[in-house]
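> what's the 3D shape of this:
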Amino acid sequence: MTEDKVFQLINASLSFQWAKRFCSSQFSVLTAKQMAEDEEGALLLLRQAQLKEPIWVMDPNKPLDRESVPVSKQYKVLPTLSFSPESKEGHARLDTHFPPLQAVTVCARIQWDQRHDQVSTIFSYAAPVFINEFQLRGRADGADRQVLLALIVHGHHCPYKASFPSDGDWHQVCVSWRNSDGLWAIHVDGEMRDTGTRTDTTREIYGEGIFIVGQDQDSFGGDFTEPFVGNITDLNVWNVTLEEDQIWTLKACRPLENQDSIFSWNSQNFTLNPDAKTVHANIYCPGLLSQRQKEECDVLEGWSSQSTPQYSRLPCSQDLPFVCRTSKKRYLAMKDLKEAQSYRPSPFMSHLMQISGDSQVMEEPQAAMSWDQASQLLNVSQQALSETQEPLEAADVLSLMQILSRAAEVPAVANESRPAAELLSQQFITVADNIISSDNAHMWDVVKEVASGPMSVVRSIDRMVTNLNPLLIADRDSVQIQSNNIKLQVQQRNLGETSESTNFCGPHSPHSGNKTGPDCISLSSQQMQELQSNGFRKVTLLNTWYGSLHQIFNTDENIITFPDVSDGSQRSLGTVLGSSVISSTVLGDGQPISMPVRFQLQHKAQARTPNPIGFVYQPICAFWDFNLMPVDGGSWSSYGCEVLSTQEDSTTCSCNHTTNFALLLQIYEVERSPEDERALQMLTFTGCGVSLCGLIFTLILFTAVGVPKSDRTTVHKNLIVALALGQLLLMFSDWASTNHEACMLVTALLHLFFMASFSWMLVEGLLLWSKVVSVNISEERRMRFYYALGWGLPIVIVTVTLTVSLNKYKAETHCWLNIESNIIWAFVGPVLFVLAVNTVVLCRVVMVTVSSARRRAKMLSPSCASKPHTFDLTWAATRPVLILLPVLGLTWLCGVLVHTSPVVAYLFIILNAFQGLYIFLVYAVYNSEVRNAIRRIQEKRKALSFTNCSQPISFLPSQRTPTAFWAQSLPIPSSLESSESSCPATSTTSSSLVFKNESFRKDSFVSFSLKPSSGNQVGPLRLSLFSQLHLLVSHTL
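Numbers count the residues shown, from 1 in each chain. As a prediction, the model looks like this:
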């Protein structure tokens, strides 16, 4: 025992798989390799026990459970001997020399003709001195649709016990014998089906014999009887007894390494009778897809004088001791429960021990329970549950979980009948139902301190039905077992006969109030056809429904989903298991395969919520992953699952694999009322419309009135174009939501134009920074950089995002980025960067403005120097903030706080939906360049009208015309300082009359000093000046 872990040495040898299962039944796990605390605890136990034998350890980087294989198969084309029913003499003789054999193994692939129901000889070996030396015989058992096999060694006929289904499929059969102990064995499809030692061990198998395929030899090489009907291929003979892992290697169509054979099928060294034919067959080879791979597993070397732990690898089938590890908290809780149970047994446990008379069966390490042990233990458990009136205690639930965990590993032995298997399954389901019943929901808070939760019961049921399904459907295509909270169904289909879709539904409750029917899971006909096209001939479907698990799971327990994303209208209250659990396992030709499934589940959490008004439930399609958090027995995950449709009381999902599925319901408290949502939506639409009009008018003014070209004007125009296109698409994006392709295009364009809008806002900030800080970059180089940043960068971001995650790019219900995944950061990330940079720019501009205001204040006359300038400094800081906030996009910073209050949401919409209107006011209405351009156009029109209507002589002054006419008609602008100071001017000011010449698109200025005479009257001008003014105006017009 360490600070937080407890280690237990199990000094009983088991294989690696059985060692893992035993630790699991004790609510612990195998120690892991290369983990310091596990190494220290295991080696301490080994030193105390003086055990130098290696022990099993698990690799923490490998999944605990074997995963289903993808829908694909491997095939190998082999020459095949075909024996027809009409042929009585068809056979093949192996042309090879047989020496005396101390051991022998013969393997072949056999396809039995289902029409043939007579005893047949698959092969026979006869020696000159003894005819029935070594022989394999088979006969069809029509009642059980099985082909029974029997071996003859030295004339001794072993019983017909081993078998394979009479289903027309290929089956691998290996028979072996050795003289040392007389052990013989028959393996079918890699599994040992029969074995014994009742043979003559005094001699070897005679040599110089004849090996005949497809016939029995009543004489040496002749008098054939009992012909075989069907196909035989891949027959090989060795003079050794092959190990089990070697037989599995042959089943995978892989050659044996360092093992020579007496006869190899690849040599084609045989003589064929004319009644037998050679054809080519497509043989299924599981290869790497085999459910049971013969691999090596990790071991920790036993105690030695070396201080460094030593690891190696041994065959997983080898029997070794092992160490189980559990947490100290779980161990102490289990210890307390056991002590309490031993001191004062519960009514259920007392009755169970009274019936069974054995209370220690679950603590004995053993490879597997026998069929009789499992059946008896389940029977007495069921009886004790039915006869005990008192409720179960936590220790009772743990004991029953241990019973189910061990009983689930009972293999489907051939001598057991379908009724026996069905009875065992019914007892298993009944006991499991009592454990996960809602009546015992309160017990699980205590049970979870020791065990891994109710999904461990689901795991035991999955293992049980996987092991027993060959017997359950031995003579029929479907079987169903049901209890109050569990419904189990096993279906078998021949894909050659039908490829229709499959559907499994839980029980329908007439009082549930659901309008969409019961919980269902299905596989489409297209997926069935895909199985058939990949060469599968038979598919077995194992489906289970659990109706009470949602009452046992607590809120936020063992739930791993994507982080909650809220738009401010709702507040997350947590995630609960909100439906029944439904599972599906698919076996293709006996191999677990993974394929997409579709399921519909009813919502169960709403009924448990005290006040459903004001709450919103968002369903998440999820499955239980046993490998995700192995210490806790697994966790919920939504990987590979998506919501297809949601109704008021049910949700339809699709997942790309098979396992145990459920709905997780994320519960949100509504923070904004529907009236607020409608008002915000209307305000957004109105603001976008007004902004769009403002942007269009601004662009028209920039283009039509002849605003002088500059880098600042070009940046303004690009920002306006990007914003206008983005808001135009946003207003009409709902119309494209019904069409997936159109919605995807609108989403990409919205992403592009809004990303370009923020990029040009960044350019606005950089341009302003260059004006303030005086960055010396040529205008041409600067504009190339601005175009690359404003349009090039958004195009790159959108293109890369679409390429990397096309399937997750768009949201499900509207045309915008998917906010439930990391795709949204392709927009939010750059926007946050732009806002950060522009915030720095704004702060710099405010500092420069305030500094300029202070310098102007110091230049005022002494009479004003003593007056406070707080208002001037405040206005100098506030004015650029008000002007630049919408232009630089800094109003989007309100989005960070939009979820805190509806008031902030309204403020965010007003500031950003009307951004185009702000830009129209700043860039057009209050822009001096635009106003000057408009004024010039008006002056041109007035001057042109005046010229066309008057004679040129009228411009010359007469003696009766006052010489001060032109001067008096011109305004006298005040100086910059006097206009910005509240003090009256004390000194005499002078004004200048400025004319701007725009001929040939060049700016020319002519300045004339206007000095007022005494009494603030403008003095007369000479005639030559008016002549020059006349010529200048005429030339300008």
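
> SS state for Val457?
helix (DSSP: H, G, I helix; E, B strand; the rest coil).

> surely it is in contact with Gln402?
No - contact criterion C-beta atoms under 8 Å: Val457 and Gln402 do not qualify, at 11.2 Å. In this view, the C-beta of every residue, glycine as well, is placed from N, C-alpha and C.

> who's more crowded, the two?
Using other C-beta atoms under 10 Å, the more surrounded residue of Val457 and Gln402 is Val457, with 25 against 19.

> ok, the more buried one to Ala185 distance?
As judged by C-beta to C-beta, to the nearest Å, Val457 and Ala185 stand 36 Å apart.

> now the residue positioned nearest the centre of the chain: how far from Ser399?
Among the residues of the chain, the one closest to the centroid is Tyr639, at 2.1 Å (C-alpha atoms, centre = their mean). Remark: distance between Tyr639 and Ser399 (C-beta to C-beta) = 35 Å.

> with Cys316 instead?
For Cys316, the distance to Ser399 (C-beta to C-beta) stands at 30 Å.

> just Glu339 next, same as before
Computed as C-beta to C-beta, the Glu339 to Ser399 distance reads 14 Å.

> so which of those two has more stuff around it?
Between Glu339 and Ser399, counted using other C-beta under 10 Å, the more crowded position is Ser399 (22 against 11).

> figure out the helix or strand that that one lives in.
Secondary-structure assignment from DSSP states H and E places Ser399 in helix 394-407.

> then Ser342?
Judged by DSSP H and E, Ser342 forms part of helix 328-343.

> kindly calculate the angle that that helix makes with helix 394-407.
Interaxial angle of helix 328-343 relative to helix 394-407 (axes from the mean of the first three to the mean of the last three C-alpha atoms, to 10 degrees): 100 degrees.

> packing partners for the next helix or strand after helix 328-343?
Next helix or strand after helix 328-343 toward the C-terminus (DSSP H and E): helix 347-356. Helix 347-356 sits against helix 371-387, helix 394-407, with contacts defined as 3 or more C-beta pairs under 8 Å, 6 or more residues apart in numbering; DSSP states H and E.

> now do helix 347-356, average pLDDT.
In this model, helix 347-356 has an average pLDDT of 82.

> next one: it to chain centre, how far?
Relative to the centre of its chain, helix 347-356 is centred 46 Å away, using C-alpha atoms, centre = their mean, to the nearest Å.

> please renumber the chain so that the first residue is 55 from this point on.
Okay, residue one is now 55; in that scheme the one you just asked about reads as helix 401-410.

> what comes up buried for that helix?
401-403, 405-406, 410 (16 or more other C-beta atoms under 10 Å).

> going by distance to Tyr863, which of these wins?
Distances from Tyr863 to these, taken as C-beta to C-beta, are shortest for Phe402 (56.0 Å).

> now do the helix holding Ser453 and helix 425-441, the angle between them.
Going by the same axes, to 10 degrees, helix 448-461 makes 150 degrees with helix 425-441.

> which residues does the helix or strand just after helix 448-461 contact?
As assigned by DSSP H and E, the chain's next helix or strand after helix 448-461 is helix 472-489. Here helix 472-489 makes contact (C-beta atoms under 8 Å, 6 or more residues apart in numbering) with 425, 428-429, 432-433, 435-436, 439, 446, 451, 454-455, 457-458, 461-462, 464, 466, 494, 508, 511, 514-515, 518-519, 522, 525-526, 528-530, 533, 535-540, 542.

> and the gap between the residue nearest to the centre of the chain and Asn681?
For Tyr693 relative to Asn681 (C-beta to C-beta), the value is 12 Å.

> now do Ala978
Applying C-beta to C-beta, the value for Ala978 to Asn681 is 63 Å.

> please apply the same query to Ala216.
Look at Ala216 and Asn681: by C-beta to C-beta, they are 35 Å apart.

> comparing those two, which residue is more hemmed in?
Neighbour comparison, Ala216 and Asn681: the larger count goes to Ala216, with 25 against 13 (by other C-beta under 10 Å).

> the more buried one reaches Gln200, doesn't it?
No - applying C-beta under 8 Å, one finds Ala216 not in contact with Gln200, separated by 9.8 Å.

> give me the nearest residue to Ala880, chain neighbours excluded.
Nearest non-adjacent residue to Ala880, counting by C-beta to C-beta, 6 or more residues apart in numbering: Thr855, 4.2 Å away.

> try Trp599
In space, Trp599 is closest to Gly560, 3.6 Å off (C-beta to C-beta, 6+ apart).

> show the backbone phi and psi for the one you found.
Gly560 adopts backbone torsions of phi -70, psi 170, taken as degrees, to the nearest 10.

> who's in contact with His770?
Counting by C-beta under 8 Å, 6+ apart, His770 touches 752, 756, 818, 977.
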